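1. need a 3D model of the following:
(2 chains, ligands or ions: 2)
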Amino acid sequence: MARKIGVVGDKDSVMPFKMLGFDVFFASDAREARRYVDRLAKEEYGIIYLTEPLAEQIPDTVKRYDDVIEPAVILIPNHKGSLNIGKKRIQENVEKAVGQNIL
Amino acid sequence: MNKGKIVSVSGPLVTAEGMEEANIQDICRVGNLGLIGEIIEMRGNIASIQVYEETSMVGPGEPVESTGEALSVELAPGLISQMFDGIQRPLDKFLEQVESNFLNRGVAVEPLDRTKQWTFVPTAEVGARVTTGDVIGTVQETPVVLHKIMVPAGIEGTVKKLEQGAFNITETVAVIETEEGDKELTMTQKWPVRRGRPTARKLNPTAPLVTGQRVIDTLFPVAKGGSAAVPGPFGAGKTVVQHQIAKYADVDIVVYVGCGERGNEMTDVINEFPELIDPNTGESIMARTILIANTSNMPVAAREASIYTGITLAEYFRDMGYSVAIMADSTSRWAEALREMSGRLEEMPGDEGYPAYLGSRIAEFYERAGKVIALGNEGREGSITAIGAVSPPGGDTSEPVTQNTMRVAKVFWGLDSSLAQKRHFPSINWLESYSLYQNEMTAYIGKELDTDWTNMVIRSMALLQDEAELQEIVQLVGAESLSERDRLKLAVSRMIREDYLQQNAFDDVDTYTSIQKQFEMLTTILSFEDEANHGMELGAYFDEIMEGTIEVRDRIARGKYIHEDQIEEFKTIRETVKETIHQIVERGGMEENA
Ligand SMILES: Nc1ncnc2c1ncn2[C@@H]1O[C@H](COP(=O)(O)OP(=O)(O)OP(=O)(O)O)[C@@H](O)[C@H]1O
Ligand SMILES: [Mg+2]
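-> Numbers count the residues shown, from 1 in each chain, chains lettered A, B, ... in the order given. Ligands and ions are numbered 1, 2, ... in the order given. Take a look at the predicted model:
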């Protein structure tokens, strides 16, 4: 069964995703971001894209979904460019899973 | 009556010939020492006699004389606060007479003090018609026990004379005019221990026996008039459970039978009990207790009798309309005594060498418990609750004594050695134990508390069962895979185990918990789950809640040490839980109305 995909972020960054047909949720601060991520998780979204600047502000929320299979919270750069935490997280997770950094 | 002659002696079993006039169950005087024995088998003129005293130095050729009486107990004021051996010889008198801890053989001692004066208060009227079981007078035996003097079995007639004032138990206090002439009554009755005392009718148990032990009262309650078994391996806490119930059960009379266990345990009881105060009456608990001791250093045959002696005393007080609890520690030692005698009689052995009648003997004991209407025109209601410890060798509950006990006892408090090793006491396993009275008793308590106690109990049981399943998952795939709700379940069931079920018998406050306090404690723990779930619904994370409530959870954990007269404190704790979680939610960025 196909999983729903949601995108959470500031308006400018996530607008393009809307045109691609994703469910898009605008969040301008941590409070809103946390609320949307938790809501989407509860509504059984399989993948949640979250912009890096917001992710930085809600580490507990991001961590909360680290260990669970669904949803996968995937960090994306916003329109101003990447903070590289998305990539760092992937590396960390790979390291956790494989035992060494192979990327 | 003719004297017989000893043919052989094998430990506690003596065979004698020339006994044709004697009957089975007769009490005999055996040998030159005049040891006390009971005929347990008759074949022609040969009697097999189990001797209640040590038989060394007794040999063939010595005389045996039957008394023609069955093994009986004396029932009169003076029973309470006493310690007897298995055939009702008072142990303190004994110690005085023989000046040794071991019973000197052949010494005859009166079971009860015959010189002590009791104040007899008549309650019947001259000219009144009375029959078996009617109360004709009372004696205030201890501050909490009003000893009712009842018309003995088989006597019916008109009260011709009734005394008032101080009498000893051998003096006449009443004269009853019967069809067979005038009968003089003293305050004493005798009753053969192997026969249950008659009652008007049996009733179904309705009220719980409140023990103050949380795991028992909440999860596995026993009814007044019910029966319970406490099986447990070596050192799992059987004796402590029995002692706790003897100390705190809300009954009128306690009969404690120490059967084949360590001698110093009974010494502990004697030293400790008089100093303990009954939370229900404010008097010393010894003022309602009778002790029967047949410790491992006493002859094995008397151990067999001790159970019957105990239950007969219990029945006598039940007849007065009292609730009685009888504890037997341990019925396994009693069964071993049966096995030993059976082996010496060369009977056909059954399971594991126990006689084939083991099951029926165990059943007979537990079936003498129960709630009844006593004989007598007042319709007095009394109960006996029987609680037996079972010590299965190696903790293997498939052995005959445990199995036969489970068939008759309606409550099963299975002690668990792995819990005991983890110092989880009482080590009653919450998944394996059961009480067939649970529905009725929790409903009863709920009515008393005016709350849905049943629902709280069911919910707690369900949490503990879920915990066991969740823990299996955790072992397989780790705690991370659980949902936050399940992780909360684990946290709350742990609170139930550690903050509620665990109870330290040796802590002054924790040793006893009233039903009211049990309700407060459990409500507090369950309300933590409700509040936490609510908080999570409002967007708080499980980890946030656990971190934020460390302090208040610690207060819940220490709830067991809150004094009985300060239980309003639980309400404050619950309010703190609510506030704390509310704050966590706010910090987590969610509005209450989300
Ligand atoms: N409720 C309790 N609170 C604290 N400690 C307890 C409790 N129950 C048992 N214990 C501890 O366990 C010990 C053994 O208990 P107990 O003597 O009752 O075991 P038992 O099953 O009767 O052993 P045995 O098989 O030797 O007769 C006690 O001395 C005590 O230290
Ligand atoms: Mg013991």
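
2. please count neighbours and contacts with C-alpha atoms only from this point.
-> OK.

3. show me the contacts for the nearest residue to residue B:419 once chain neighbours are set aside.
-> Excluding its sequence neighbours, the residue lying closest to residue B:419 (Cα to Cα, 6 or more residues apart in numbering or on different chains) is residue B:427, at 5.3 Å. Each residue near residue B:427 by Cα atoms under 8 Å, 6 or more residues apart in numbering or on different chains is listed here: B:236, B:237, B:414, B:415, B:416, B:417, B:419, B:420.

4. for residue B:253, same thing?
-> Neighbours of residue B:253 in contact, by Cα under 8 Å, 6+ apart: B:288, B:289, B:290, B:314, B:317, B:322, B:323, B:324, B:325.

5. hang on, residue B:139 in a strand?
-> Yes: using DSSP: H, G, I helix; E, B strand; the rest coil, the assignment for residue B:139 is a strand.

6. related to what we said a few turns ago, just among the contacts of residue B:253, which is most surrounded?
-> Among the contacts of residue B:253, residue B:324 has the most neighbours (other Cα atoms under 10 Å in any protein chain shown), with 33 neighbours.

7. any idea which element the closest residue to chain B within chain A lies in?
-> Going by Cα to the nearest Cα, chain B is nearest to residue A:31 of chain A, at 5.1 Å. In this assignment (DSSP states H and E), residue A:31 forms part of helix A:30-42.

8. just checking, what packs against that helix?
-> Judged by 3 or more Cα pairs under 8 Å, 6 or more residues apart in numbering or on different chains; DSSP states H and E, helix A:30-42 is in contact with strand A:4-9, helix A:52-57, helix A:59-64.

9. low-confidence stretches in the chain?
-> Answering for chain A, as no chain was given. A:1-2, A:81-87, A:90-103 (pLDDT under 70).

10. please go with chain B instead
-> In the predicted model, chain B carries pLDDT under 70 at residues B:1, B:93-104, B:589-594.

11. on that earlier part again, mind listing which of the contacts of residue B:253 are in strands?
-> Among the contacts of residue B:253, the members falling in strands (DSSP state E) are B:289, B:290, B:323, B:324, B:325.

12. got the contact list for the nearest residue to residue B:161 once chain neighbours are set aside?
-> The spatial neighbour of residue B:161 that comes closest, neighbours along the chain excluded (Cα to Cα, 6+ apart), is residue B:175 at 5.0 Å. Listed by Cα under 8 Å, 6+ apart, the contact partners of residue B:175 are B:159, B:160, B:161, B:162, B:182, B:183, B:184, B:185.

13. one more time with 6 Å
-> B:160, B:161, B:183, B:184, B:185 (Cα atoms under 6 Å, 6 or more residues apart in numbering or on different chains).

14. doesn't the first one lie inside a helix?
-> What it means is residue B:160. No: read with three-state DSSP, residue B:160 is strand and lies in no helix.

15. what about it, neighbour count?
-> Other residues near residue B:160 come to 18 when the count uses other Cα under 10 Å.

16. is it in contact with residue B:176, as I believe?
-> Yes: contact criterion Cα atoms under 6 Å: residue B:160 and residue B:176 qualify, at 5.4 Å.

17. looking at the contacts of residue B:427, which is nearest chain A?
-> When these are compared against chain A (criterion: Cα to the nearest Cα), the nearest one is residue B:419, at 32.0 Å.

18. quick one, phi psi at the closest one?
-> Phi and psi for residue B:419, reported as degrees, to the nearest 10, are phi -70, psi -40.

19. can you check residue B:230 too?
-> Torsion angles, degrees, to the nearest 10, at residue B:230: phi -120, psi 80.

20. so it touches residue B:391, yeah?
-> No: counting by Cα under 6 Å, residue B:230 does not reach residue B:391; the two are 8.4 Å apart.

21. neighbour count: those two, which is higher?
-> Higher neighbour count among residue B:230 and residue B:391: residue B:230, with 29 against 25, using other Cα under 10 Å.

22. grab the nearest non-local neighbour of residue B:109.
-> residue B:89 (6.4 Å).

23. residue B:291 versus that neighbour, what's the distance?
-> Distance, residue B:89 to residue B:291, by Cα to Cα, to the nearest Å: 11 Å.

24. quick check: residue B:489 vs residue B:419, distance?
-> Counting by Cα to Cα, the gap from residue B:489 to residue B:419 is 21 Å.

25. go on, residue B:147?
-> With Cα to Cα as the criterion, residue B:147 and residue B:419 are 43 Å apart.

26. how about residue B:173?
-> Residue B:173 is 56 Å from residue B:419, by Cα to Cα.

27. next: residue B:496.
-> Distance from residue B:496 to residue B:419, by Cα to Cα: 15 Å.

28. cool, residue B:206 as well?
-> With Cα to Cα as the criterion, residue B:206 and residue B:419 are 32 Å apart.

29. follow-up on the earlier one: okay, the ones in strands among the contacts of residue B:253 in JSON lines with distance to chain A next?
-> Listed next are these as JSON lines, based on distance: Cα to the nearest Cα, whole Å:
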{"residue": "B:289", "distance to chain A": "59"}
{"residue": "B:290", "distance to chain A": "62"}
{"residue": "B:323", "distance to chain A": "57"}
{"residue": "B:324", "distance to chain A": "57"}
{"residue": "B:325", "distance to chain A": "54"}
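
30. for residue B:124, state which of those is nearest.
-> Taking Cα to Cα as the measure, residue B:124 lies nearest residue B:323 of the ones in strands among the contacts of residue B:253, at 23.4 Å.

31. the closest one against residue B:383, yeah?
-> Yes: under the criterion of Cα under 6 Å, residue B:323 makes contact with residue B:383 at 4.6 Å.

32. now do the contacts for residue B:73.
-> Contacts of residue B:73 by Cα under 6 Å, 6+ apart are B:190, B:191.

33. report the secondary structure state of it.
-> strand.

34. what does chain B put close to ligand 1?
-> Neighbours of ligand 1 within chain B, by Cα under 6 Å from any ligand atom: B:232-240, B:425-426, B:503-506.

35. farthest pair in those residues?
-> It's B:233 and B:506 that sit farthest apart of these, by Cα to Cα, at 20.9 Å.

36. the more surrounded of those two?
-> residue B:233 (20 against 11).

37. isn't the more buried one up against residue B:397?
-> No: with contacts counted by Cα under 6 Å, residue B:233 stays clear of residue B:397, the gap being 9.0 Å.

38. for the most centrally placed residue in chain B, helix, strand, or coil?
-> Computing the C-alpha centroid of chain B and ranking residues by Cα atoms, centre = their mean puts residue B:327 first, at 2.8 Å. For residue B:327, the assignment made with three-state DSSP gives strand.

39. OK, contacts around it?
-> Each residue near residue B:327 by Cα under 6 Å, 6+ apart is listed here: B:256, B:257, B:387, B:388.

40. neighbours of the last one, just the number please.
-> Residue crowding around residue B:388 was assessed by other Cα under 10 Å; the count is 25.

41. for the helix or strand containing it, name the packing helices and strands.
-> Per DSSP H and E, residue B:388 falls inside strand B:381-390. Counting contacts by 3 or more Cα pairs under 6 Å, 6 or more residues apart in numbering or on different chains; DSSP states H and E, strand B:381-390 is packed against strand B:227-231, strand B:323-329, helix B:331-344, strand B:370-373.
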